[in-house]
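>>> Sequence and predicted structure, then a few things I'm wondering about:
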Amino acid sequence: MEPKTAKVAILTADFFEESELIFPYYRLLGQVQRVVVATPDRRPAKGKGGLSQFAAQASFSELSADDFDAVIVPGGFAPDIVRRSNDALAFLTRMDQVGKPVGMICHGAWVALTAGLLGGRTLTSAPSIRPEVEGAGATWIDQPVVVDGNMVTSRLPQDLDTWMEAFLDVLSAGASQLATAGARSEGLAL
């Protein structure tokens, strides 16, 4: 896929980790056709560290996997709210089912865990949710970035640059090509 034509959704809610939303949002603006921030009710989200608001362009219920080429789930406390939305879970599940890139950082893996997408996968996340990730049947690796087919995961804000480079690589290569080549079963750590 040519990143310049891609449309990427970012799933978030109040109490997001500011750097994990702002960095990918602005990094993607120069690389893809459109970035849509979605919240439970389309209202602006408030950051956990005091950022007053970050505008949303859609609610979770307005999202369709047919309209997007990739999805990102930033961390902070927001994933605990995002994973309570059946619409967000259905959207993330469909994106993963059709092999579109799914990027998650920090506690973002909570959303995929709740959607039942982690069994047999290899990933990383905030170390504090490692027991939950492993309990869901995933292999957890302490690396800045782990690519498992279409899933691109990262640990913490200090890994943002490496994570976004890997995410853009997967978006460019096309997740289906990576999965066909066996990257999903290998769980590539970068």
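Looks like it came in fine. Numbers count the residues shown, from 1 in each chain.
>>> Residues in contact with the biggest helix by length in the chain: which ones?
Counting residues, the longest helix found in the chain (DSSP state H) is helix 160-173. Helix 160-173 is contacted by residues 1-3, 6, 8, 19-20, 23-24, 27-28, 31-32, 69-70, 72, 101, 103, 105, 144-145, 147, 150, 152-154, 178, 190 when judged by Cβ atoms under 8 Å, 6 or more residues apart in numbering. Glycine gets a C-beta too; all of them are placed from N, C-alpha and C.
>>> In strands only, show me the residues you listed.
Under the assignment DSSP state E, the contacts of helix 160-173 contribute 8, 70, 72, 103, 105, 145, 147, 152-154 to strands.
>>> quick one: which of those residues is nearest to Gln53?
Ile72 (18.8 Å; Cβ to Cβ).
>>> neighbours of the closest one, just the number please.
Other residues near Ile72 come to 26 when the count uses other Cβ atoms under 10 Å.
>>> What separation do you get for it and Pro131?
Computed as Cβ to Cβ, to the nearest Å, the Ile72 to Pro131 distance reads 24 Å.
>>> what do you get for Gly119?
Gly119 is 15 Å from Pro131, by Cβ to Cβ.
>>> Check Val111 too.
17 Å.
>>> So between these two, which is more surrounded?
Using other Cβ under 10 Å as the criterion, Val111 and Pro131 rank with Val111 on top: 28 against 10.
>>> Tell me if that one really is in a strand.
No. Per DSSP: H, G, I helix; E, B strand; the rest coil, Val111 lies outside any strand segment and is helix.
>>> so who does it touch?
So Val111 contacts 11, 73, 79, 82-83, 88-89, 92, 104 (Cβ under 8 Å, 6+ apart).
>>> distance of Thr114 from Gln158?
Separation of Thr114 from Gln158 (Cβ to Cβ): 26 Å.
>>> ditto for His107
15 Å.
>>> Please apply the same query to Ala109.
Ala109 is 17 Å from Gln158, where distance means Cβ to Cβ.
>>> rewinding a little: got CSV for the ones in strands among the contacts of helix 160-173, with pLDDT too?
Putting the ones in strands among the contacts of helix 160-173 into CSV (pLDDT from 0 to 100) gives the following:
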residue, pLDDT
Val8, 98
Ala70, 97
Ile72, 98
Gly103, 98
Ile105, 98
Val145, 98
Val147, 98
Val152, 98
Thr153, 98
Ser154, 98
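>>> returning to what we had before: would you write out the ChimeraX command that picks the buried residues out of the contacts of helix 160-173?
Those of those that count as buried under 16 or more other Cβ atoms under 10 Å are selected in ChimeraX with:
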select :1,3,6,8,19,20,23,24,27,28,31,32,69,70,72,101,103,105,144,145,147,150,152,153,154,178,190
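>>> Helix or strand with the lowest mean pLDDT in the protein?
Lowest mean confidence among the helices and strands of the chain (mean pLDDT, DSSP states H and E): helix 183-186, at a mean of 39.
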